[in-house]
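K.L.:
My questions concern the predicted model and sequence given below.
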Amino acid sequence: MSLSDLEKRISDFKNKPAVGRAKKAGEKKVEPILEKIGEFEDEIADDHKWLKKILLISTGISVVIIGLGLFFIFFYTSSSRDVTLEISSPGNILRGAPFSIDLSVTNNSGALIKNAVLTINLPQGIVAPDSARSKNIVSENIGDVTSGNLIKKTYSFVPVDSVGSKESIKATLSYAIATGARFELRESRDTEISDSAIQIEIKKPEQILSGSTFPVQINYKNKSDFNFPALTMEVNYPNEFKYDSSDVPPASMNNYWQLGGVSGGNGGKISISGHLNLSAGANISLPVKISANLGGQDYEIADSAISLSPASSPLSLSILVNNRSDYVTQTGDTLNYSIQYQNLSGIAMTDAKIKATLSGDMVDLETLTTDGSFNSATRVLSWDSSNTHDLNALSPGASGEVKFKIKVKNAFNLKKLNDRNFSIHLDAVMSSPSVPYYFSAKQTAVESVSDVKIAGLISISVQGFWGDDPTGMTNSGSLPPRVGEPTQYIIHWIVRNFADDANDVEVKSVLAPGVKLVGQANANLGKISYSESDKQIIWSMDRVASAKGILNDPAEAVFQIEATPDVSMVGASEPLTAVTSLKGTDNFTGLTLESEFPAFTTALLNDTGGSSDSLVHQ
């Protein structure tokens with residue numbers, strides 16, 4: 001009930017007519033209720049006065065606090081509005097050329113600002129050359145700034161992003177006022193990388209012949225006013241481009257040059273000679289980039305590329321091996337090479353030469369026979385007019401071939417675990433000093449390449465033990481095997497892979513009549529399954545690595561069988577398993593790999609030596 005409600009009820013009660021009765025003798029005097037109500041009313045009135053006083057005092061204090069707060073905020077905010085931060089920078093900049101920005105701090109607030117700090121946030125495309133390459137924040141404490149003062153700071157940065165990139169430089173001024181409160185001002189300035197400070201121009205001949213040497217000239221020039229202290233140039237050759245020479249020796253790897261210092265307005269050039277191993281009409285890109293060393297850091301500041309596409313050669317050259325262009329060989333095979341050529345031009349090709357370089361560890365050089373000449377030190381076969389008359393003058397449209405024959409070694413020579421994917425490579429080049437008028441080349445040349453893959457070799461072997469099993473497993477039963485009596489044997493399947501990884505390898509065999517699988521079958525690679533219905537054991541492996549079992553332990557599966565011979569086997573060896581076959585896929589050549597081991601009997605047990613104990617007795 002509220003205070004006003006209580007006052008109203010008391011007032012109503014006081015104004016109500018009194019109802020009384022005669023006092024009986026001996027009764028105590030009763031204090032009139034109206035006196036009590038009056039006292040209660042006075043107490044309530046006193047409490048009400050105190051409550052009003054408390055509320056009035058609290059309201060006054062709050063007004064004072066809020067007023068003081070608003071005063072300070074208004075005063076210092078008004079003061080801080082006269083502190084300004086300005087950025088001055090060029091609207092367009094050159095990639096790689098350092099540029100400057102100015103930050104101006106003005107204090108017209110009428111008061112001292114303290115511990116002022118300037119912070120610059122750089123975008124990824126702009127770096128500070130005297131800072132760590134990954135650092136994109138530059139900060140400087142400029143201390144206290146008195147009223148009326150102007151502080152100006154200049155910073156130098158380098159744009160390294162691609163041409164056309166728009167960059168935003170952001171600056172922050174943080175400072176404190178007398179009360180200790182800190183304020184921040186933020187400004188930003190946009191700029192664009194309009195061009196590269198270093199201009200790259202790449203020139204090439206109008207017509208390029210595959211296999212013929214041609215020049216590529218790279219011109220570079222410093223378009224800026226900045227003097228670069230140290231420039232480097234790198235050319236990234238695609239696989240189809242073969243470097244031959246350059247007029248300025250490279251510093252390393254035939255594709256890296258130290259250009260040294262290049263002052264504003266100056267430049268230089270480098271001419272590179274090479275040839276393409278690329279079919280006519282195909283296209284590759286030759287990219288060039290130039291980097292600058294600034295503040296001890298290397299920054300890529302210019303890049304360009306040129307497209308290279310050979311025209312149709314006046315000469316045709318192709319290689320066949322055993323009458324195929326995609327022949328896959330194997331160990332012990334004989335390779336019959338035919339290098340076929342044709343003059344496709346309208347002029348005679350005089351003094352033509354063919355050179356073929358043979359490489360690969362698996363060729364047996366002692367078996368080489370050829371109608372040309374052979375240098376065993378360089379492994380180069382050569383044909384010219386001295387041993388091939390038709391090469392003296394090859395008429396327009398004329399064709400021919402040169403041949404040689406060589407054998408593949410009988411076995412792989414594995415030395416390391418990663419020895420795999422063997423092949424025989426032949427690089428043949430035909431050239432003539434005769435050049436059709438529409439080509440700007442010193443000679444006409446054409447190149448052809450052949451890679452003959454060598455299929456891997458994988459084998460399966462079977463071992464069986466009755467008594468002395470290497471695993472320590474034991475068998476029951478006795479030798480010689482006897483009719484109607486069960487004898488246990490332990491069978492080992494061993495897989496060795498001589499070259500190339502083999503995928504999806506599967507080994508299978510079927511248990512002979514009277515034989516059953518006992519115990520648990522195990523393998524150190526893959527998994528084994530057994531079908532009770534057809535008594536077939538299957539060992540599956542997703543992958544068998546090259547050199548498995550040659551330079552390390554083989555893949556091996558072990559299982560135990562129990563055989564009970566019948567009377568028809570008396571006097572003969574007891575059959576244990578049918579033929580064990582292996583099949584997989586050569587990961588390098590895609591060919592199917594196969595191996596077999598004959599049906600296994602007690603005569604083949606490894607711990608009996610094929611003695612008469614392997615024969616079934618009555």
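P.N.:
Now that the structure is in, tell me what you want to look at. It should be emphasised that the depicted structure is a prediction, and the values quoted were computed from it without experimental measurement. Numbers count the residues shown, from 1 in each chain.

K.L.:
Buried residues, the strand or helix carrying Ser156. List them.
P.N.:
If you go by DSSP states H and E, Ser156 is part of strand 150-159. The neighbour-count check on strand 150-159 (16 or more other Cβ atoms under 10 Å) flags 155, 157-159 as buried. Backbone N, C-alpha and C define where each C-beta goes, glycine included.

K.L.:
angle of the next helix or strand after it against strand 150-159?
P.N.:
For strand 150-159, the following helix or strand on the C-terminal side (DSSP H and E) is strand 166-176. Calculated by axes from the mean of the first three to the mean of the last three Cα atoms, to 10 degrees, strand 166-176 forms an angle of 150 degrees with strand 150-159.

K.L.:
if I look at the closest residue to Asn413 other than its chain neighbours, how far off is Ile284?
P.N.:
Among residues not flanking Asn413 along the chain, Asp361 sits closest, at 6.6 Å (Cβ to Cβ, 6 or more residues apart in numbering). According to Cβ to Cβ, to the nearest Å, Asp361 and Ile284 sit 30 Å apart.

K.L.:
In terms of neighbours, single out the busier of the two.
P.N.:
For Asp361 versus Ile284, neighbours defined as other Cβ atoms under 10 Å are more numerous around Ile284 (17 against 13).

K.L.:
For Pro575, the count of nearby residues, please.
P.N.:
19.

K.L.:
Surely it touches Pro513?
P.N.:
Yes. Using Cβ atoms under 8 Å, Pro575 makes contact with Pro513 at a distance of 7.4 Å.

K.L.:
one step back: who are the neighbours in contact with the residue nearest to Asn413?
P.N.:
Each residue near Asp361 by Cβ atoms under 8 Å, 6 or more residues apart in numbering is listed here: 409, 413, 422.

K.L.:
What strand or helix carries it?
P.N.:
Counting by DSSP H and E, Asp361 is found in no helix or strand.

K.L.:
So what does it look like in phi/psi?
P.N.:
Main-chain torsions, Asp361, degrees, to the nearest 10: phi -70, psi -10.

K.L.:
what does whichever helix or strand Asp542 is part of rub up against?
P.N.:
Applying DSSP H and E as the criterion places Asp542 in strand 536-544. Residues from elsewhere that reach strand 536-544 (Cβ under 8 Å, 6+ apart): 458, 493, 495, 497, 501-511, 517, 521, 523, 525-531, 555, 557, 559, 577, 584, 587.

K.L.:
Please repeat the previous calculation with a cut-off of 7 Å.
P.N.:
Strand 536-544 has contacts (Cβ atoms under 7 Å, 6 or more residues apart in numbering) with 458, 493, 495, 497, 501-510, 523, 525-530, 555, 557, 559.

K.L.:
Give the other helices and strands that the longest strand belonging to the chain contacts.
P.N.:
As assigned by DSSP state E, the longest strand anywhere in the chain is strand 182-196. If you count contacts as 3 or more Cβ pairs under 7 Å, 6 or more residues apart in numbering; DSSP states H and E, strand 182-196 packs onto strand 83-88, strand 92-95, strand 166-176.

K.L.:
who does the second one pair up with?
P.N.:
It refers to strand 92-95. Here strand 92-95 has these sheet partners by DSSP bridges: strand 182-196 (parallel).

K.L.:
Centre of the chain to the partner strand, how far?
P.N.:
How far strand 182-196 lies from its chain's middle: 35 Å, per Cα atoms, centre = their mean, to the nearest Å.

K.L.:
can I have that strand written out in CSV, keeping just the CAs?
P.N.:
Only the C-alpha atoms of strand 182-196 are listed here, as CSV (Å, rounded to 0.1, in the frame of the first residue of the first chain):
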residue,chain,number,x,y,z
ARG,A,182,43.7,8.7,-24.8
PHE,A,183,42.3,9.7,-28.2
GLU,A,184,42.9,8.4,-31.7
LEU,A,185,42.8,10.1,-35.1
ARG,A,186,42.6,7.9,-38.3
GLU,A,187,43.4,8.9,-41.8
SER,A,188,43.9,7.0,-45.1
ARG,A,189,45.2,7.7,-48.6
ASP,A,190,44.7,5.7,-51.7
THR,A,191,47.3,5.3,-54.4
GLU,A,192,47.7,3.1,-57.5
ILE,A,193,50.7,1.2,-58.9
SER,A,194,50.5,2.6,-62.4
ASP,A,195,53.5,1.0,-64.0
SER,A,196,56.8,-0.8,-63.3
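
K.L.:
Mind checking what helix or strand follows it in sequence?
P.N.:
Going down the chain from strand 182-196, the next helix or strand is strand 198-203, by DSSP H and E.

K.L.:
Beyond that following strand, next helix or strand please.
P.N.:
Next along from strand 198-203, by DSSP H and E: strand 214-222.

K.L.:
Averaged pLDDT, that next one. What do you get?
P.N.:
Average pLDDT, strand 214-222: 95.

K.L.:
Residues contacting it from elsewhere in the structure, which ones?
P.N.:
Identification of contacts with strand 214-222 by Cβ under 7 Å, 6+ apart yields 197-205, 208, 228, 262-273, 275, 286, 288, 290, 441.

K.L.:
Okay, now the sheet partners of whichever helix or strand comes after it, with direction.
P.N.:
Downstream of strand 214-222, the next assigned helix or strand under DSSP H and E is strand 228-235. Applying DSSP bridges to the sheet, strand 228-235 is found paired with strand 256-262 (antiparallel), strand 284-294 (antiparallel).

K.L.:
Show the contacting residues for Gly268.
P.N.:
Neighbour list for Gly268: 220, 259 [criterion: Cβ under 7 Å, 6+ apart].

K.L.:
Could you check the pLDDT of it?
P.N.:
Reported pLDDT for Gly268: 95.

K.L.:
For Tyr243, see how far away it is.
P.N.:
Gly268 sits 19 Å away from Tyr243, going by Cβ to Cβ.

K.L.:
Then Thr608?
P.N.:
For Thr608, the distance to Tyr243 - Cβ to Cβ - is 66 Å.

K.L.:
Please identify which of the two sits among more neighbours.
P.N.:
Neighbours per residue, other Cβ under 10 Å: of Thr608 and Tyr243, the larger number sits with Thr608, 19 against 15.

K.L.:
tell me, how many neighbours does the closest residue to the more buried one other than its chain neighbours end up with?
P.N.:
Counting by Cβ to Cβ, 6+ apart, Ser614 is the residue found nearest to Thr608 once chain neighbours are left out, at 5.6 Å. A count of neighbours around Ser614, defined by other Cβ under 10 Å, yields 20.

K.L.:
Check Asp225 too.
P.N.:
By the criterion of other Cβ under 10 Å, Asp225 has 11 neighbours.

K.L.:
what does Ser273 give?
P.N.:
Other residues near Ser273 come to 13 when the count uses other Cβ under 10 Å.

K.L.:
same thing with Glu556?
P.N.:
Using other Cβ under 10 Å: Glu556 sits among 19 other residues.

K.L.:
Please name every helix or strand in contact with the strand or helix carrying Phe374.
P.N.:
Here Phe374, judged by DSSP H and E, is contained in strand 373-375. Counting contacts by 3+ Cβ pairs under 7 Å, 6+ apart, strand 373-375 is packed against no other helix or strand.

K.L.:
can you count the residues close to the closest residue to Leu278 other than its chain neighbours?
P.N.:
Once flanking residues are discounted, Leu278 sits nearest to Glu240: 4.5 Å by Cβ to Cβ, 6+ apart. The tally of other residues near Glu240 (other Cβ under 10 Å) stands at 17.

K.L.:
Could I get the contacting residues of Glu240?
P.N.:
Glu240 neighbours (Cβ under 7 Å, 6+ apart): 276-278, 284.

K.L.:
are any of those residues buried, and which?
P.N.:
276-278, 284.
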